[in-house]
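Undergrad: model the structure of this input:
(one chain, ligands or ions: 1)
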Amino acid sequence: MSVGKKHARSEGEDQSVRTAKKAKTDDIADAPTDSDPSMTAEKKKKKDKKDKKDKKEKKEKKDKKDKKEKKAKAEEPEVEQAESSPEVESEPKAEKKEKKEKKDKKDKKDKKKNSKSSDESTPTESAPTESAPATNGAPHRNGAAYSYQQTKALDAVSEDEVQEFLKKQEIAINDPSGTKLRPVLQFSHLPASTLLSKGPFASFTAPTPIQAASWPFALSGRDVIGIAETGSGKTMAFSLPCVESLASSPKPKHSKGDRTAYPRAVVVSPTRELAMQTHSAMSSLASLVGLSAVCLYGGAPKDDQRALLRRNNGADIIVATPGRLKDFLSEGCVSLSDVMFAVLDEADRMLDKGFEEDIKLILGDCPPREKRQTLMFTATWPTSVRGLAEGFMVDPVKVTIGNRTRAGGDENGEGNGTVELQANSRIEQKVEVVDPRGKEQRLLELLRDAQKGSAKNDRILVFCLYKKEAVRVEQFLERRGIRVASIHGDLRQDQRTRSLEAFKAGTTTVLVATDVAARGLDIPEVKLVINVTFPLTIEDYVHRIGRTGRAGKTGKAITLFTEHDKAHSGSLVNILRAANQPVPEELLKFGTTVKKKAHDSYGAFFKDVDLSKKGTKITFD
Ligand SMILES: Nc1ncnc2c1ncn2[C@@H]1O[C@H](COP(=O)(O)OP(=O)(O)OP(=O)(O)O)[C@@H](O)[C@H]1O
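TA: Have a look, this model is predicted:
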């Protein structure tokens with residue numbers, strides 16, 4: 001059994017068992033032992049005294065711990081915080097149990113079928129794609145009238161050409177239902193529709209690999225997990241099927257006096273800026289077929305957003321950050337009961353501890369997973385979230401781009417099928433091991449060097465871990481004459497937006513950011529990313545550097561690595577090697593053991609660096 005599956009079980013099924021167990025232990029702890037008739041008065045007195053002392057000690061300990069936690073919180077690194085209020089996806093218990101049993105049975109069967117490929121993506125190389133897929137014409141379970149029909153143009157492509165494309169683009173598709181849909185190699189391979197007749201892809205030459213491989217499944221109404229490198233067009237990968245799905249189905253009617261907004265699609269993003277960006281992309285597409293999209297995010301007046309919802313007749317699509325969406329849900333301004341299409345963008349971030357409860361609540365407000373289509377996209381897919389993700393989906397098709405399935409392979413070079421973390425291979429990565437005290441000075445040298453001569457207007461993104469650090473670094477650079485702005489959680493939303501706009505427009509060429517800017521932001525022409533302080537996780541490193549080298553372009557990332565970051569040396573070495581990047585000797589000295597993220601149920605475990613991994617470039621047309 002994979003760790004992912006184990007995880008799924010511990011998150012779902014064991015919940016009731018755990019509660020029952022806890023109740024039992026609580027019973028024992030609270031049992032009034034002094035009711036024992038054999039106890040003498042003397043003994044009882046002694047016991048009372050001891051209990052009092054224990055209680056006092058316990059209280060002191062707790063106060064101390066609280067104080068410590070409070071202090072630690074004040075110095076916490078900057079990550080977008082979720083304001084959670086837990087509630088699980090609501091399903092009757094018996095139904096849930098029955099479904100789970102069925103799923104377990106099916107999982108076992110699928111596992112047997114896929115035993116060669118383990119629980120992860122299987123390269124489709126040897127499996128012929130079908131020219132008449134089983135899903136042709138089948139109705140979507142979310143009620144969408146759209147039906148995916150493989151086009152004659154795609155039928156006409158030879159099987160060799162399809163296989164060549166899958167191999168060259170390192171596309172792996174794992175479909176538990178065994179449907180083998182061909183990737184759409186060209187936009188002209190997509191079925192004709194009103195949306196496509198408006199020419200939404202005029203500025204692109206061909207679908208990116210993640211779009212090519214995931215569209216046929218998503219357009220067929222299937223749940224999809226899409227994993228592809230940063231900057232590879234994942235937004236359009238989920239936007240097109242979403243808009244097609246909505247455009248083909250009538251909007252359900254609600255009573256005239258009902259002022260609640262009933263969107264039919266919801267996209268959840270971890271940060272405000274990413275939500276705004278995704279909203280802008282989806283809105284452009286949706287407007288081509290008369291659909292509307294509204295963005296809901298924190299830090300901006302709710303009244304304005306409420307007014308937008310009303311003006312757009314409730315809006316067909318809502319792109320939101322979890323906190324603000326939850327607010328609107330609890331106020332009754334928004335209901336997700338009509339949602340046919342739910343997307344978790346940056347899915348691993350949305351499913352990790354900070355947002356997990358919010359996501360359970362949001363998806364719990366949508367129709368059950370059997371009646372909606374759920375899509376998850378990301379560039380990084382750590383084992384810890386995989387089980388949880390599948391619990392929100394029905395037989396998801398997993399589409400993975402990149403040679404990620406070889407790590408941990410046997411002596412014949414056969415992979416164990418595990419999807420590995422991978423950085424965009426068009427980014428030149430450099431790591432400098434430095435003295436922590438010299439970081440700011442080194443940053444200044446790097447900036448001056450990178451913006452020499454004709455490169456003086458090149459955009460550079462500088463990442464810090466802490467908000468206070470970002471403020472300090474910004475001031476340090478400002479004092480030395482660098483045109484700089486910053487984006488972090490201590491700024492008001494209008495300040496954050498202004499900084500980002502100035503950076504995008506090129507009026508500020510250096511942007512100092514915390515990890516609120518690490519994921520998803522598509523800023524044109526960022527030439528260089530500098531990590532002043534290493535992020536909390538290696539996944540965040542991959543996302544941070546992924547702000548450069550987007551849409552087929554090249555980019556550069558420089559990381560200042562200090563002894564304080566040595567816990568990350570092993571995973572960083574892995575990432576560098578997989579992308580054929582130089583590994584400095586000084587980095588190796590910190591060790592090459594990879595400490596996997598600790599998990600509540602399984603604890604931390606270790607894995608050696610895979611020195612055999614080689615990266616390959618994915619080409620854009
Ligand atoms: N078919 C295409 N051909 C060329 N460029 C494309 C294509 N599809 C999307 N793009 C462009 O590629 C850029 C990156 O796309 P997008 O922001 O969706 O990447 P992403 O995979 O979501 O990245 P991240 O993992 O960082 O969130 C965008 O500017 C987008 O307009």
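
Undergrad: what residues does the stretch 151-300 of the chain put near the ligand?
TA: Within the stretch 151-300 of the chain, the positions near the ligand by C-beta under 6 Å from any ligand atom are Phe204, Pro207, Thr208, Gln211, Ala228, Thr230, Gly231, Ser232, Gly233, Lys234, Thr235, Met236. Just so you know, the C-beta spots here come from the backbone N, C-alpha and C atoms, and that holds for glycine as well.

Undergrad: which among those count as buried?
TA: By neighbour count, with 16 or more other C-beta atoms under 10 Å, these hold Pro207, Thr208, Gln211, Ala228, Thr230, Gly231, Ser232, Gly233, Lys234, Thr235, Met236 as buried.

Undergrad: residues contacting the residue nearest to the fifth one when sequence neighbours are not counted?
TA: I take that to be Thr230. Closest residue to Thr230 apart from its sequence neighbours, by C-beta to C-beta, 6 or more residues apart in numbering: Gly546 at 2.5 Å. The contact partners of Gly546, by C-beta atoms under 8 Å, 6 or more residues apart in numbering, come to Glu229, Thr230, Gly231, Ala379, Ala423, Asn424, Ile427.

Undergrad: what's the answer for Phe187, then?
TA: Phe187 makes contacts with Leu196, Phe201, Phe204, Ala206, Pro207, as judged by C-beta under 8 Å, 6+ apart.

Undergrad: and it, backbone torsions?
TA: Note on Phe187: backbone dihedrals following degrees, to the nearest 10 are phi -60, psi -30.

Undergrad: with Leu421 instead?
TA: phi -70, psi 140.

Undergrad: what's the burial count for the nearest residue to it once chain neighbours are set aside?
TA: Nearest non-adjacent residue to Leu421, counting by C-beta to C-beta, 6+ apart: Thr380, 5.7 Å away. Look at Thr380: counted by other C-beta atoms under 10 Å, it has 26 neighbours.

Undergrad: so Thr380 makes contact with Glu539?
TA: Yes. With contact defined as C-beta atoms under 8 Å, Thr380 reaches Glu539; the gap is 4.1 Å.

Undergrad: give the residues shared as contacts by those two.
TA: Asp348, Leu421.

Undergrad: residues of this protein that sit close to the ligand?
TA: 204, 207-208, 211, 228, 230-236, 379, 520, 522, 546, 550-551.

Undergrad: make sure Met376 is indeed in a strand.
TA: Yes. The assignment for Met376 by DSSP: H, G, I helix; E, B strand; the rest coil puts it in a strand.

Undergrad: thought it was touching Gly226?
TA: Yes. Taking contacts as C-beta under 8 Å, Met376 lies within contact range of Gly226: 7.2 Å.

Undergrad: spit out the contact partners of Val339.
TA: Listed by C-beta under 8 Å, 6+ apart, the contact set of Val339 reads Pro263, Arg264, Ala265, Val266, Cys366, Pro367, Arg372.

Undergrad: reformat the residues you listed as TSV; add neighbour count and secondary structure.
TA: Below are these laid out as TSV (neighbours: other C-beta atoms under 10 Å; DSSP: H, G, I helix; E, B strand; the rest coil):
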residue	neighbour count	secondary structure
Pro263	30	coil
Arg264	26	coil
Ala265	31	strand
Val266	26	strand
Cys366	22	coil
Pro367	16	coil
Arg372	26	coil
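
Undergrad: between these, which sits nearest Val334?
TA: Comparing the contacts of Val339 against Val334 with C-beta to C-beta places Pro263 closest, at 7.0 Å.

Undergrad: for the closest one, which non-adjacent residue is closest in space?
TA: Nearest to Pro263 is Ile318, by C-beta to C-beta, 6+ apart, at 4.3 Å.

Undergrad: please tell me how far the one you found sits from Gly387.
TA: 27 Å (C-beta to C-beta, to the nearest Å).

Undergrad: can you report how many residues lie near the residue of the stretch 351-500 of the chain found nearest the ligand?
TA: Closest approach between the stretch 351-500 of the chain and the ligand, counting by C-beta to the nearest ligand atom: Ala379, at 4.1 Å. Using other C-beta under 10 Å, Ala379 has 28 neighbouring residues.

Undergrad: what residues does it make contact with?
TA: Taking C-beta under 8 Å, 6+ apart, one finds Ile227, Ala228, Glu229, Thr230, Ser232, Lys234, Asn424, Val542, His543, Gly546 in contact with Ala379.

Undergrad: tell me how far it lies from Glu229.
TA: The value you get for Ala379 to Glu229, if C-beta to C-beta is used, is 6 Å.

Undergrad: give me the common contacts of those two.
TA: By C-beta under 8 Å, 6+ apart, the residues touching both Ala379 and Glu229 are Asn424, Gly546.
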